[in-house]
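> Quick check, what structure comes out for this input:
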Amino acid sequence: MDDQGWDELYRRTRTRLHAYARSRLPTVDEAEDAVAEAFLRAYQRPPATCLPVDAWLFGVLRNVIREMHRDRGRRQRGLPIDAAGPAEPPECGVLAAEEAAAIRAAFACLSEPDRELLRLRLFERLSTVEVADRLGKRPGAVRMAQSRAVARLRSLML
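Numbering: from 1, shown residues only. Purely as a prediction, here's the structure:
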């Protein structure tokens, strides 16, 4: 790819890449750093895959973000930052991102009570007893409501 091609790729994908990075990193600066690093790596090692170049670039960005999270964890634990583990193929990142987007879209279609129940149980990892206390229900009713909410979510995913 020539410089004009890279320039066009940057203009076409930068906003989407930044939004992706911003949703996974705590600050705007880190998101911008991740996108810049992804483009640098992409430029230094052009794609050798049959994936569309946009999808490949998202995979590169996903790997950069994962390394940033891993490095942050190592710093917090006092481990050396340069000890890298094996990287997943970029296409795995693209598929994971598409699946996550589909789940978020389906989740948004649920009723507010279903979303609240699933947030408490799945994201906050509260027990059925704790959720029952918060919602003023019995634990058995919470389990049934959760089962129904998950079934509705699953049907929206089909």
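> check which helix or strand covers Lys137.
If you go by DSSP states H and E, Lys137 is not part of any helix or strand.
> Quick one: the helices in the chain, in order.
In order along the chain, the chain carries the following helices (DSSP state H): 3-24, 28-44, 53-77, 90-109, 112-118, 128-135, 139-157.
> can you tell me which of those the model trusts least?
Per-segment confidence across the helices of the chain bottoms out at helix 90-109, which has a mean of 76 in mean pLDDT.
> tell me the angle of it relative to helix 53-77?
Regarding helix 90-109 and helix 53-77, their directions subtend 90 degrees when assessed with axes from the mean of the first three to the mean of the last three Cα atoms, to 10 degrees.
> Quick check: which helices or strands does helix 90-109 pack against?
If you count contacts as 3 or more Cβ pairs under 8 Å, 6 or more residues apart in numbering; DSSP states H and E, helix 90-109 packs onto helix 53-77, helix 112-118, helix 139-157. (C-beta placed from N, C-alpha, C; glycine too.)
> tell me the angle it makes with helix 139-157.
Using the same axes, to 10 degrees, the direction of helix 90-109 lies 120 degrees away from that of helix 139-157.
> Can you pull the domain assignment for the protein?
Here the domain parsing of the chain from automatic domain parsing is 1-104, 110-158.
> Skipping its backbone neighbours, what lies nearest the residue located most distally from the centre of the chain in space?
Among the C-alpha atoms of the chain, the one most distant from their mean position (Cα atoms, centre = their mean) is that of Arg138, at 33.7 Å. Excluding its sequence neighbours, the residue lying closest to Arg138 (Cβ to Cβ, 6 or more residues apart in numbering) is Ala132, at 5.8 Å.
> Please name the residues that touch that neighbour.
Shown in contact with Ala132 (Cβ atoms under 8 Å, 6 or more residues apart in numbering): 138-139, 141-142.
> rerun that using 7 Å as the cut-off
Listed by Cβ atoms under 7 Å, 6 or more residues apart in numbering, the contact set of Ala132 reads 138-139, 142.
> With distance to Arg41 as extra columns, can I get the residues you listed in JSON lines?
Rendered in JSON lines, the data for these read as follows (distance: Cβ to Cβ, whole Å):
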{"residue": "Arg138", "distance to Arg41": "53"}
{"residue": "Pro139", "distance to Arg41": "50"}
{"residue": "Val142", "distance to Arg41": "46"}
